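Peer 1: Sequence and predicted structure below; questions after.
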Amino acid sequence: MAGLPFRIDLEDIRFVLYDQLDIDQELTKIPKYEAFTQDVYEAMLDEGARISRDVLYPINGPGDREGCKLDRDGNVTTPSGFKEAWKVQAEGGWIGLSAPPEVGGVGLPHSVTMAVTEMFCGAAMAYQMYPGLTAAAARVIHKYAPEAWRQPIAERMFTGKWAGTMCLTEAGAGSDVGENRCKATPVAGEEGAYLLDGEKIFISGGDSDVAPDNIIHMILARTPNSPPGTKGLSLFLAPKFIFDENFDSTTRNGAYVVGIEEKMGIHGSATCTLALGDRGPCKAWLVGREHAGIEIMFLLMNEARIGVGVQGLALASTAHQFAKAYAAERLQGSSFEKWKDPTAPRVPISLHPDVRRMLMTQKVYAETLRSLTYRMGHRFDLAENDPAQHDRLIGQVELVVPVLKAFGTDIAFEMSAMGVQILGGYGFIGEYPMEQLVRDAKITSLYEGTNGIQAMDLIGRKLRIGNGALFIEWMKDANTECGLAKAAGFASEADAVEKAIGQLAQTTMHLGGLGAQGRLDLALVQAYPYLRMFGTVQLAVEALIQARVAARVIAEKGSTPHLAGKALNLRFYVRNLLPQATALAKSIQSNDDSCLDPALFQA
Ligand SMILES: Cc1cc2nc3c(=O)[nH]c(=O)nc-3n(C[C@H](O)[C@H](O)[C@H](O)COP(=O)(O)OP(=O)(O)OC[C@H]3O[C@@H](n4cnc5c(N)ncnc54)[C@H](O)[C@@H]3O)c2cc1C
């Protein structure tokens, strides 16, 4: 598009997977992953990159302009090329990458699945919503659907024969899921079967043509006489087409799309209003126990939120790759040393100090976010296979999930907007891909729990688990990293990070103190700034880890510009970005309550 090549930072992806996480050595010790040698990973990464470049990226811009269409029968047509891309992914097994082979998956570790997903989302985020949500729904079905359906339905979804959706949101129930009103009435004489009545809104892929055989909707609804709030919610499976014992479609079920949203970004992803039981009965089957709906959703939440974090990482990295390519080509102005000389040669904008600052900011955020994201995926891999370490590893993921989701996606939006700034006026116009990235990136801070809700989850739930035990362990790990970095020759940077960890601990105690004094309101005002501070310190720790690992690899194999860049990343991060943590500590601890003044914003 307009001369900007789509590039994937495979060098950095490989660095994190092999040099930092050592997956080709460590994970092969786990029986489930022993067949995955580095050759296998390499083949997956190369082919994933090829599909991203040759199949997905070419449909991204046109798909944004074309959007989705809805016919009178509630059928959605996706933009040109989406069906073909789905076919490529389905035939190649790319939808069920981390799913077990017995349900048609590849059984790939989460860390490697994330790397491939990053490439796919970076190439075509709107398209990737269809396989992403299908795999998410299939995971629920595989674990919780009625026994006889688990394998056959999950397999149909992981292999792309059927698609899937997650239906939580209603007009009055967004962040407050407990306000769900959709009704589920048992069908007399049919164990586990219900009729649904209600309306779900904002359902991604609520209908589509990528998998015409069937779409399985996972729907939260309320059975008769259920208690109010989230405790009264149950989870149901409602297919677009009712199927027989061979899973062949028989009749159309009463779950119809009655509208698709006009929206800011991800135009290729149909955001649907789904009417249940309006145009004929909507039959559904209970998944898990009655009233266990929210419990099941909670079990999936970590993965889903990390998945949105991967989208953020993908967009931040893609924005940087576009900006870097543009800045190297775009001639404008002379070198700052010769600015008074009108005859001086014009230079690429990548030589202007202000543009370099922006490029470096994008680079450092993208690479440290990648480190954090894959490290969390790696912890899942290790946890699943080590019962003795399971709870500790999952606990560490749990604490960081809201930070990864919210800080990561806000940074992604900011880095995409910075990409527009780097391109100048060309960044703003539709001929270049940058403005679409900004529009597409914004949704990641809103769905799967808004970033404000993530911040409340962090201070209200995660920090309190085990009376702060998760945070204390996080601190120990982070300080250990500082010690290792000092030993590797990064003493001054490690000192600065250690100081920031101390400030974070002090700020955490300050918030705890507000809670103890009954000033929950003040703590909640500062929830998001606190999450932002946490993220700022967390990525400093990632920069430390990466610089240390790169130093080791340089000593073993010699330097490359990419490896040498890790020490520069650390220096830049510590001097230019980490100081934001100190400023945030100060504002969080100011106890300022001006925004809570009753004179403001009367309802
Ligand atoms: C493009 C798109 C795709 C989507 N896909 C899906 C999907 O596939 N399935 C699905 O079920 N849903 C989906 N959603 C819905 C999405 O998850 C919700 O929009 C989101 O959860 C926020 O709900 P809301 O829009 O009602 O905002 P609200 O909940 O009304 O929030 C508005 C603002 O108030 C804040 N707020 C709300 N409650 C509180 C509180 N208690 N304390 C502090 N602040 C609060 C929020 O953080 C936010 O800033 C999608 C939405 C969009 C736009």
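Peer 2: Ah, there it is. Numbers count the residues shown, from 1 in each chain.

Peer 1: give me the element Thr251 is part of.
Peer 2: Per DSSP states H and E: Thr251 is located in strand 249-252.

Peer 1: ok, that strand: who's next to it in the sheet?
Peer 2: Each strand that strand 249-252 pairs with, and the sense of that pairing, follows from DSSP bridges: strand 241-243 (antiparallel).

Peer 1: State the number of residues packed around Arg346.
Peer 2: 11 (other C-beta atoms under 10 Å). Every residue, glycine included, has its C-beta placed from N, CA and C.

Peer 1: With adjacent residues omitted, what lies nearest to it?
Peer 2: Leu331 (4.2 Å; C-beta to C-beta, 6 or more residues apart in numbering).

Peer 1: Thought Pro348 was touching the one you found, still the case?
Peer 2: Yes: taking contacts as C-beta atoms under 8 Å, Leu331 lies within contact range of Pro348: 5.9 Å.

Peer 1: Of those two, give the one with the bigger neighbour count.
Peer 2: Using other C-beta under 10 Å, the more surrounded residue of Leu331 and Pro348 is Pro348, with 15 against 11.

Peer 1: Residue of the chain nearest the ligand, please.
Peer 2: Among residues of the chain, the one nearest the ligand by C-beta to the nearest ligand atom turns out to be Gly174. It sits 1.7 Å away.

Peer 1: per-residue confidence for that residue?
Peer 2: Per-residue confidence (pLDDT) for Gly174: 96.

Peer 1: can you tell me which residues contact Ala85?
Peer 2: Residues touching Ala85, when contacts are defined by C-beta atoms under 8 Å, 6 or more residues apart in numbering, comprise Val55, Leu56, Ile59, Ala124, Tyr127.

Peer 1: Just the element for it, please.
Peer 2: Using DSSP H and E, Ala85 sits within helix 82-92.

Peer 1: what does the stretch 251-400 of the chain have sitting close to the ligand?
Peer 2: Residues of the stretch 251-400 of the chain lying close to the ligand (C-beta under 6 Å from any ligand atom) are Lys263, Ile266, Thr271.

Peer 1: ranges for the strands of the stretch 251-400 of the chain?
Peer 2: 255-260, 271-276, 282-287, 331-334, 346-348 (DSSP state E, counting those that start in this stretch).

Peer 1: can I get these in TSV with mean pLDDT?
Peer 2: As requested, these are exported to TSV (pLDDT from 0 to 100):
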stretch	mean pLDDT
strand 255-260	98
strand 271-276	98
strand 282-287	98
strand 331-334	94
strand 346-348	95
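
Peer 1: Could you dump the ones you listed into a markdown table and include distance to Thr230?
Peer 2: A markdown table is the format used below for the strands of the stretch 251-400 of the chain (distance: least, C-beta to C-beta, whole Å):
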| stretch | distance to Thr230 |
| --- | --- |
| strand 255-260 | 23 |
| strand 271-276 | 19 |
| strand 282-287 | 16 |
| strand 331-334 | 55 |
| strand 346-348 | 55 |
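
Peer 1: Go through those strands and name the closest to Gly74.
Peer 2: Distances from Gly74 to each of those were compared using C-beta to C-beta; the minimum, 3.8 Å, belongs to strand 255-260.

Peer 1: hmm, back to that, buried sites along the following helix or strand past the helix holding Ala85?
Peer 2: Past helix 82-92, heading to the C-terminal end, the next element that is a helix or strand (DSSP H and E) is helix 110-144. Taking 16 or more other C-beta atoms under 10 Å as the neighbour-count basis, helix 110-144 is seen to contain the buried residues 110-142, 144.

Peer 1: what's the domain layout of this protein?
Peer 2: The domain map for the chain lists 10-156, 162-292, 451-592, with the assignment taken from automatic domain parsing.

Peer 1: which intervals of the stretch 101-250 of the chain have sub-threshold pLDDT?
Peer 2: Across the stretch 101-250 of the chain, no stretch falls below the confidence threshold (pLDDT under 70).

Peer 1: Around the ligand, which positions in it sit nearby?
Peer 2: Those residues of the stretch 101-250 of the chain that sit near the ligand, judged by C-beta under 6 Å from any ligand atom, are Met166, Cys167, Leu168, Thr169, Gly174, Ser175, Phe202, Ile203, Ser204.

Peer 1: residues in contact with the helix or strand of the chain with the lowest mean pLDDT?
Peer 2: Lowest by mean pLDDT, DSSP states H and E among the helices and strands of the chain is helix 23-26, with a mean of 88. When contacts are taken as C-beta under 8 Å, 6+ apart, the neighbours of helix 23-26 outside the stretch itself are Leu17, Tyr18, Thr37, Gln38, Tyr41, Pro109, Ser111, Val112, His378, Asp381.

Peer 1: ok, 6 Å please
Peer 2: By C-beta atoms under 6 Å, 6 or more residues apart in numbering, the list of residues contacting helix 23-26 from outside reads Leu17, Tyr18, Gln38, Ser111.

Peer 1: Can you point out the buried residues in that helix?
Peer 2: Of the residues in helix 23-26, those buried (16+ other C-beta under 10 Å) are Ile23, Asp24.

Peer 1: Return the distance of it from the chain's centre.
Peer 2: 24 Å (C-alpha atoms, centre = their mean, to the nearest Å).

Peer 1: One more: stretch 190-201?
Peer 2: Stretch 190-201 has its average C-alpha position 30 Å from the chain's average C-alpha position, going by C-alpha atoms, centre = their mean.

Peer 1: quick one on the thing from earlier: what's the farthest-apart pair in the contacts of helix 23-26?
Peer 2: Between any two of these, the greatest separation by C-beta to C-beta is 13.4 Å, found for Gln38 and Ser111.

Peer 1: do you know how far Tyr447 is from Arg571?
Peer 2: In this structure, Tyr447 and Arg571 are 36 Å apart, going by C-beta to C-beta, to the nearest Å.

Peer 1: And Lys200, by the same measure?
Peer 2: For Lys200, the distance to Arg571 under the criterion C-beta to C-beta works out to 49 Å.
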